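**Q** I'd like to go over a predicted model; first the sequence, then the structure.
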Amino acid sequence: LWIRNVYYPPDVTLSGAWNFWQYMDTAVLEGYSGTEKYIDMNVFRGTKEELEMLLVQRNEKGTVQEVEEAEETTDIINSDEWSSCYRAYKSVLADWTLIEKYGDFSYYTFYFGDNYGYDSYFLFDIDKNGIPELFLCSESMCITTVLTYEQKLCWLVSDDIYGINEETGELIVLGHWHGSGGSGSEHECTGWKISGDKAENSMYIDFYDFSENGDFIPQEGDESFYVIYDVKTESYEHTTNGAKYEELYAAHVKPCALIEDYQLYDLSDLSGLDRVWKESCGDKPFYQYYDEESGELQMELYYDSQTGRGFGTRYYPETEGMPDGFAIGGIEEGETVCGAIWERINTDPYETLAFGGRDASQYHEIENYEEEIEYTSDGKIAHYKSLGNITYLEDAENTDTIVEIDFLYRNDGSLKERKYRHNGFVFETTCSVMDSFYDRQQRLLYEDCYITHGSLDYYYIYNGEEQIPTYCLILDHNLDLLCPELLIMQSYFGT
């Protein structure tokens, strides 16, 4: 969502789920040589990392230079790490070549040629900091690349990883790459301690076996020996005594869970990513919304009120489209946003005014204004339409629909759905189409609202039989992005 408002900050909008905000249109930029006297100034709601990914997603021919130029004219606001991490990992799974911006993979492209690439992944929180690491696995290369998220996407390690020591938070590698030194056998073991965005060498041991059935053909005078790396002194010890080797091997390597023992997912299968985020928010869903007509699950939300973290899935049973996952990093309590929603849930659903309480009959630009109303057999309003001639249009002689509303009822007479439409030439296009759904108590449950770049979902979550929703979940369908915002309502209303 790209908001243009040079008078007020974005939280005056109904959703607040914005990505870009144009806050000025009269700026003068030093060095600008274009034809316009003034230029626009914008702010991006997210991290530098997310902006780079967004530009890569939007323009397949985009270059790093183009990203750097965008950074010079766009301020960056840090967003919540939890939800940002989810979006960053999701972008990598959609296009794994993004990782090449964070590490040197030139050797792999040279060595493997057409076999260079990744085909599966899994997630595991090695350092137990609450942010799981992303493991990209390649069957053809026998290489695993490990990434994490610390305010931005970070590359940690790429190697033929043997396993994970979950107790010590280490990655263990057996052998080495060509030209790296060491025996190159399964006796050569390297440990990488993961902490935040760092992978530090925590252990190195090796054994050169010159025995009769060993790894090397012995020459005269050759004797088997061990190599022990002292991390503190950064020095190597060569010894024929294997006690220290066996001690380190037992502590670091033997307890490892092998990489192949973790459940791998195809890169196109986001269920592995979604599962990890869902598990962190509790075993049972916090809220579920079912489409009343089909009985199909439309939205499922997991939320942990203690940590403020949430994860959900938006399903599309009506189109059988692929579900969208989303992560929530906290609760918003914006008074303006909550106030706007308060007006909506307290608006009479049978009201026939335009969105926002505007009365089209008072617009002097509309001539020959008239209204048509149809009722059900038991006297309830079923259809409303207002019409008139919009004088500033070229075809002003034609009669146009100004506002049109359909009311759908259940068999028991309760209002089930209100289908609202208004003329975008008279009012703005935002909310020109809005479908509102109610429960049998006539509480507003869900709204699907049109906006220029896509649509907004509003889910109203109630505590038991209370009439005021406790939460409002807003899902902004911004082109191919799903941007969530969870609002706590009752703290604002003081209940």
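**A** Looks like it came in fine.
**Q** next structured bit after the worst-scoring helix or strand of the chain on mean pLDDT?
**A** For the chain, using mean pLDDT, DSSP states H and E, the weakest element among its helices and strands is strand 74-77, scoring a mean of 30. Downstream of strand 74-77, the next assigned helix or strand under DSSP states H and E is helix 81-94.
**Q** can you list the helices and strands that that following helix packs against?
**A** Helices and strands touching helix 81-94, by 3 or more CB pairs under 8 Å, 6 or more residues apart in numbering; DSSP states H and E, are helix 48-58, strand 133-138, strand 143-149, helix 271-279, strand 321-328. Glycine gets a C-beta too; all of them are placed from N, C-alpha and C.
**Q** and the ones you listed as TSV, adding distance to I172, mean pLDDT and mean neighbour count?
**A** Output for these, formatted as TSV (distance: least, CB to CB, whole Å; pLDDT from 0 to 100; neighbours: other CB atoms under 10 Å):
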stretch	distance to I172	mean pLDDT	mean neighbour count
helix 48-58	29	61	19
strand 133-138	13	96	22
strand 143-149	11	95	23
helix 271-279	22	88	19
strand 321-328	30	87	19
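**Q** in the stretch 301-450 of the chain, which spans are helices?
**A** For the stretch 301-450 of the chain, applying DSSP state H, counting those that start in this stretch gives helices covering 335-345.
**Q** in it, what spans have low per-residue confidence?
**A** By pLDDT under 70, the low-scoring segments of the stretch 301-450 of the chain are 330-339.
**Q** quick one, strands of it?
**A** Assigned by DSSP state E, counting those that start in this stretch, the stretch 301-450 of the chain shows strands spanning 309-316, 321-328, 331-332, 366-375, 381-390, 400-409, 415-422, 433-438, 444-451.
**Q** deepest of the ones you listed, which one?
**A** Comparing the strands of the stretch 301-450 of the chain by mean neighbour count (mean count of other CB atoms under 10 Å), strand 309-316 comes out on top with a mean of 22.
**Q** still on that earlier bit, how about the strands of the stretch 301-450 of the chain, which one is nearest L248?
**A** With CB to CB as the measure, strand 309-316 is the member of those nearest L248 (37.4 Å).
**Q** partner strands of the closest one, with direction?
**A** On the basis of DSSP bridges, the sheet neighbours of strand 309-316 come out as strand 297-304 (antiparallel), strand 321-328 (antiparallel).
**Q** in TSV, list the ones you listed along with distance to L475.
**A** Shown next, in TSV, are these (distance: least, CB to CB, whole Å):
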stretch	distance to L475
strand 297-304	8
strand 321-328	7
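**Q** out of those, flag the one nearest D476.
**A** Nearest to D476, of these and by CB to CB, is strand 321-328 at 9.7 Å.
**Q** between that closest one and helix 271-279, how many degrees?
**A** Orientation of strand 321-328 against helix 271-279 (axes from the mean of the first three to the mean of the last three CA atoms, to 10 degrees) gives an angle of 40 degrees.
**Q** need the residues that contact strand 321-328.
**A** Here strand 321-328 makes contact (CB atoms under 8 Å, 6 or more residues apart in numbering) with 82-83, 85-87, 90, 270, 273-274, 277, 303, 309-316, 475, 482-486.
**Q** swap in stretch 367-381?
**A** With CB under 8 Å, 6+ apart as the test, stretch 367-381 has contacts from 350, 352, 360-361, 382-389, 391, 399, 402, 407, 409, 413.
**Q** now with 7 Å?
**A** Residues outside stretch 367-381 that contact it (CB atoms under 7 Å, 6 or more residues apart in numbering) are 350, 360-361, 382-389, 391, 407, 409, 413.
**Q** now that stretch, how far from the centre of its chain.
**A** Averaging C-alpha positions (CA atoms, centre = their mean, to the nearest Å) puts stretch 367-381 44 Å from its chain's average.
**Q** can you give me the end-to-end distance of that stretch?
**A** In stretch 367-381, first residue to last residue: 25 Å (CA to CA, to the nearest Å).
**Q** what's the closest of the helices and strands packed on helix 81-94 to T240?
**A** Minimum separation from T240 across the helices and strands packed on helix 81-94 (CB to CB) falls at strand 143-149, 33.9 Å.
**Q** so what does the helix or strand just after that closest one touch, helix or strand wise?
**A** Sequence-wise, the next helix or strand downstream of strand 143-149 (DSSP H and E) is strand 153-159. For strand 153-159, the packing partners by 3 or more CB pairs under 7 Å, 6 or more residues apart in numbering; DSSP states H and E come out as strand 143-149.
**Q** switch the cut-off to 10 Å
**A** helix 48-58, helix 81-94, strand 133-138, strand 143-149, strand 170-174, strand 189-195, strand 198-208 (3 or more CB pairs under 10 Å, 6 or more residues apart in numbering; DSSP states H and E).
**Q** G103 versus the spatially most central residue of the chain, what's the distance?
**A** Taking CA atoms, centre = their mean, the centroid of the chain lies closest to R87, which sits 3.1 Å from it. For R87, the distance to G103 (CB to CB, to the nearest Å) stands at 20 Å.
**Q** and E372, by the same measure?
**A** According to CB to CB, E372 stands 65 Å off from G103.
**Q** now do Y315
**A** 36 Å.
**Q** so, low pLDDT: which residues of the stretch 151-300 of the chain?
**A** Regions of the stretch 151-300 of the chain meeting the criterion pLDDT under 70 cover residues 177-180, 218, 220-221.
**Q** repeat that with 50
**A** Filtered on pLDDT under 50, the stretch 151-300 of the chain yields no residues whatsoever.
**Q** which of the strands paired with strand 309-316 sits closest to I217?
**A** Checking the strands paired with strand 309-316 against I217 by CB to CB gives strand 321-328 as the closest, at 55.2 Å.
**Q** show me how far that closest one is from its chain's centre.
**A** 8 Å.
**Q** one more: stretch 217-231?
**A** On CA atoms, centre = their mean, the centre of stretch 217-231 falls 51 Å from the chain's centre.
**Q** and if you look at stretch 405-421?
**A** Here the centre of mass of C-alpha atoms in stretch 405-421, compared against the chain's by CA atoms, centre = their mean, lies 34 Å away.
**Q** what of stretch 147-157?
**A** With CA atoms, centre = their mean, you get 16 Å for stretch 147-157.
**Q** just stretch 89-105 next, same as before
**A** Distance of stretch 89-105 from its chain centroid, counting by CA atoms, centre = their mean, is 15 Å.
**Q** and if you look at stretch 238-251?
**A** The chain centroid and the centroid of stretch 238-251 are separated by 46 Å under CA atoms, centre = their mean.
**Q** first-to-last residue distance for it?
**A** 20 Å.
**Q** list the buried residues of it.
**A** By neighbour count on 16 or more other CB atoms under 10 Å, the buried set for stretch 238-251 is Y245, L248, Y249.
**Q** sorry, back to before: wait, isn't the residue nearest to the centre of the chain in contact with E50?
**A** Yes: assessed by CB atoms under 10 Å, R87 is found in contact with E50 at 6.3 Å.
**Q** I'd like the buried residues of stretch 238-251 laid out as TSV, including distance to T109 and secondary structure.
**A** TSV is the format used below for these (distance: CB to CB, whole Å; DSSP: H, G, I helix; E, B strand; the rest coil):
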residue	distance to T109	secondary structure
Y245	36	helix
L248	34	helix
Y249	34	helix
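**Q** mind putting these into CSV with distance to I161?
**A** As requested, these are arranged in CSV below (distance: CB to CB, whole Å):
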residue, distance to I161
Y245, 21
L248, 18
Y249, 17
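**Q** re the thing from before, make a markdown table from the strands of the stretch 301-450 of the chain and add distance to E200 to it.
**A** As requested, these are exported to a markdown table (distance: least, CB to CB, whole Å):
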| stretch | distance to E200 |
| --- | --- |
| strand 309-316 | 28 |
| strand 321-328 | 29 |
| strand 331-332 | 36 |
| strand 366-375 | 71 |
| strand 381-390 | 68 |
| strand 400-409 | 63 |
| strand 415-422 | 59 |
| strand 433-438 | 54 |
| strand 444-451 | 47 |
